[in-house]
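>>> Quick check, what structure comes out for this input:
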Amino acid sequence: MTARRPRQASIASRHGPSIADAITAQRQLTPRDLRLLGLLAAHRALTAHQITRLLFTDDNTARKRLVLLTDRGVLDRFRACVRPGSQEYRYTLGPLGAMIYAATTDAPIPAPRTVHEKTLKLSRNPQLDHLLGINEFFTTLCHHARTNPGAELLEWWDEREATAACAKIAHPDGYGVWSENGRTVRFFLEYDTGTEELSRLIDKLQGYRDLRSGDITIPVLFVLPGPKRQTNFHRLLDEDPSTLSGLTVATATVAEIAADNPAASVWWLAGHTTRHRLAALPAPPPAARAA
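Numbering: from 1, shown residues only. The predicted structure follows:
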């Protein structure tokens with residue numbers, strides 16, 4: 001009887017992987033693996049499906065590679081216990097992946113314990129679904145660009161980077177630059193999960209109005225959980241037109257985006273009844289300058 005081969009174990013000692021382990025592990029990484037490390041470092045967590053659409057051409061190849069990288073300690077993964085059924089894995093940087101990425105960016109090398117603590121906290125973060133929803137929006141755009149010549153997501157910034165760029169005057173969930181067939185649009189993203197009062201969403205527009213004094217005039221996109229909330233949001237905007245005051249605001253629901261993609265004609269422009277493609281959204285007018 002042939003003995004069963006043991007599953008490949010992570011490169012690690014009893015105290016966790018060392019710098020020497022990271023040096024060994026990086027020799028086995030492909031350019032695609034290194035790109036994945038950068039994406040996870042920037043956006044914290046991605047599902048298996050999101051990673052597949054970003055970097056692979058089929059689910060089977062992606063699954064095998066992700067399992068291998070996890071076994072080696074390059075990636076870490078977690079999922080909640082869901083009954084009935086199961087939840088797909090959420091992937092983040094493992095100890096070796098975090099060490100290799102830090103060396104790539106000349107950042108301090110994190111201790112394995114620190115990386116594991118970050119993974120645990122991320123897995124219990126009440127904002128995890130919100131984060132994955134934001135990442136779903138951008139990965140769907142990336143996948144559309146991969147399969148449609150002439151389209152490209154030129155920029156994808158997470159909440160921290162986007163908020164810092166706004167000097168914390170506004171707090172967008174993301175920022176992107178989308179190009180399609182010669183037309184380019186910059187946009188801020190607000191991803192709503194329905195946990196806040198609609199009045200809170202209206203209040204967020206004040207920060208974007210304040211940005212106009214610095215000549216930052218960019219469309220603001222709201223992704224909303226359902227059609228009822230979307231209709232009520234537009235009703236509030238119509239009741240007080242001053243909330244728009246020089247802004248371009250457009251909305252789409254999660255279902256509308258899932259049925260097509262964020263680049264399609266799913267964006268309901270505030271103050272209008274028609275839907276627009278992402279690349280066709282009008283830019284807000286320049287802020288008026290004092291005489």
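>>> now residue 193, what's its secondary structure?
coil (DSSP: H, G, I helix; E, B strand; the rest coil).
>>> Ramachandran angles for it?
Per-residue torsions, residue 193: phi -100, psi 0 (degrees, to the nearest 10).
>>> which ones are touching it?
Counting by CB atoms under 8 Å, 6 or more residues apart in numbering, residue 193 touches 129-130, 133, 225. Backbone N, C-alpha and C define where each C-beta goes, glycine included.
>>> Among those, name the buried ones.
Among the contacts of residue 193, those classed as buried by 16 or more other CB atoms under 10 Å are 130, 133, 225.
>>> For the first one, list the residues it contacts.
Right, the one you point to is residue 130. 173, 191, 193.
>>> Strands of the protein, residue ranges please.
Listed in chain order, the strands found in the chain under DSSP state E are 46-47, 75-78, 90-93, 151-157, 174-180, 183-191, 220-224, 249-253, 267-269, 275-276.
>>> Packing partners of the last one?
It stands for strand 275-276. Identification of packing neighbours for strand 275-276 by 3 or more CB pairs under 8 Å, 6 or more residues apart in numbering; DSSP states H and E yields strand 267-269.
>>> Adjacent strands (with direction) for the strand it packs on?
strand 249-253 (antiparallel), strand 275-276 (antiparallel) (DSSP bridges).
>>> Thought residue 125 was touching residue 78, still the case?
No: counting by CB atoms under 8 Å, residue 78 sits too far from residue 125 to count as a contact (10.9 Å).
>>> With neighbour numbers in mind, choose between these two.
The neighbour count for residue 78 versus residue 125, taken as other CB atoms under 10 Å, is higher for residue 78 (16 against 13).
>>> what's across from the closest residue to residue 173 other than its chain neighbours in the sheet?
In space, residue 173 comes closest to residue 191 once its chain neighbours are excluded; the distance is 4.7 Å by CB to CB, 6 or more residues apart in numbering. Beta-bridge pairing of residue 191 under DSSP bridges involves residue 223.
>>> number of nearby residues for residue 191?
Counted with other CB under 10 Å, the neighbours of residue 191 add up to 22.
>>> Would you tell me which one of the strands paired with strand 267-269 is buried the most?
Highest mean neighbour count among those (mean count of other CB atoms under 10 Å): strand 249-253, with a mean of 22.
>>> Mind listing residues that contact that one?
Contacts of strand 249-253 (CB under 8 Å, 6+ apart): 205, 219-227, 230, 233-234, 237, 262, 266-270, 276, 281.
>>> Just the buried residues of those residues.
Of the contacts of strand 249-253, these count as buried by 16+ other CB under 10 Å: 205, 219-225, 230, 233-234, 237, 262, 266-270, 276, 281.
>>> before we move on, the earlier item: TSV for the strands of the chain, including mean pLDDT and distance to residue 35?
Shown next, in TSV, are the strands of the chain (pLDDT from 0 to 100; distance: least, CB to CB, whole Å):
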stretch	mean pLDDT	distance to residue 35
strand 46-47	98	12
strand 75-78	97	13
strand 90-93	98	13
strand 151-157	97	13
strand 174-180	97	18
strand 183-191	97	22
strand 220-224	98	25
strand 249-253	97	28
strand 267-269	97	29
strand 275-276	95	32
